[in-house]
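K.L.:
got a sequence here, can you build the structure:
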Amino acid sequence: MNKRITFTALTALVLLTNFCANAQENISKKKGYTLIFKSNKADFPTALEKRLTKTFFEVYPKLAEEYNPKTPKEVVFFIDTAYKGVAACSNSKITFNPTYMESHPNDIDVVTHEVMHIVQGYGYSSGPVWLTEGIADYVRNKFGVDNAGAKWSMPDYKEGQSYKNSYRITARFFTWVDEKVKAGTIKKVDQSLRDHTYKVSLWKELTGYDLDELSEKYASNPSLT
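P.N.:
Below is the predicted model of the structure:
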């Protein structure tokens, strides 16, 4: 029994040692913000790390100023070979899939979408997921540094779409609301989510229309200026 425990502990120590040996960490500070860039992929391209870092410092302070000055001042980017999605945000840490980023090096505004989740800081049970993700893509469209380079854009409206489809589809609807109905609506909705005061009736309070009415108006004339 003791031998098994010793072997298990030794194995864990070896794995931890190997991880630490392969892990890399760079710390950058600018404009009052700190980015801790970590990677467990030894050959992650330096040029791509620099682009991700540059995008952070270009976008994050703007989003903080626009939406939430109390957003965390220190953020962690982690390039994780074990992560199989594209990118994910948890508190003030963003995890990236190195395989995706290396094969899509121009999709740099993954950073813009993910750091907006930090700025949002809604916590739990503050609103539906489609709303959170729609706002993040709305912000990516508005503040992204190179959406064109990634061939990323909001899709044109198609019959049958719903504002609840999330991400880019919802983002386009939100852009239309701000441009065609009431400027500043999405910013106020974002604030209500952070304050945990959001309610569906807020849309009518802000625009004069409830969500379904806005959706009908959008479907009848979805063009953007």
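
K.L.:
need the residue closest to the centroid of this protein.
P.N.:
residue 114 (1.9 Å; CA atoms, centre = their mean).

K.L.:
what's the helix or strand for that one?
P.N.:
Taking DSSP states H and E as the criterion, residue 114 maps to helix 110-120.

K.L.:
just how off-centre is that helix within its chain?
P.N.:
Distance of helix 110-120 from its chain centroid, counting by CA atoms, centre = their mean, to the nearest Å, is 3 Å.

K.L.:
touching the helix or strand just after that helix from outside, list them.
P.N.:
As assigned by DSSP H and E, the chain's next helix or strand after helix 110-120 is helix 129-143. By CB atoms under 8 Å, 6 or more residues apart in numbering, the surrounding residues in contact with helix 129-143 are 59, 62-63, 66-67, 109, 112-114, 116-117, 120, 122, 147, 152-154, 163-175, 186, 189-190, 193. From N, CA and C alone the C-beta is placed, and that goes for glycine too.

K.L.:
make a ChimeraX selection of the buried ones in the residues you listed.
P.N.:
Provided next is the ChimeraX selection string for whichever of the contacts of helix 129-143 are buried by 16 or more other CB atoms under 10 Å:
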select :59,62,63,67,109,112,113,114,116,117,120,122,147,152,154,163,165,166,167,168,169,170,171,172,173,174,175,186,189,190,193
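
K.L.:
mind listing which of the contacts of helix 129-143 are in helices?
P.N.:
If you go by DSSP state H, the contacts of helix 129-143 have 59, 62-63, 66-67, 112-114, 116-117, 120, 167-175, 186, 189-190, 193 in helices.
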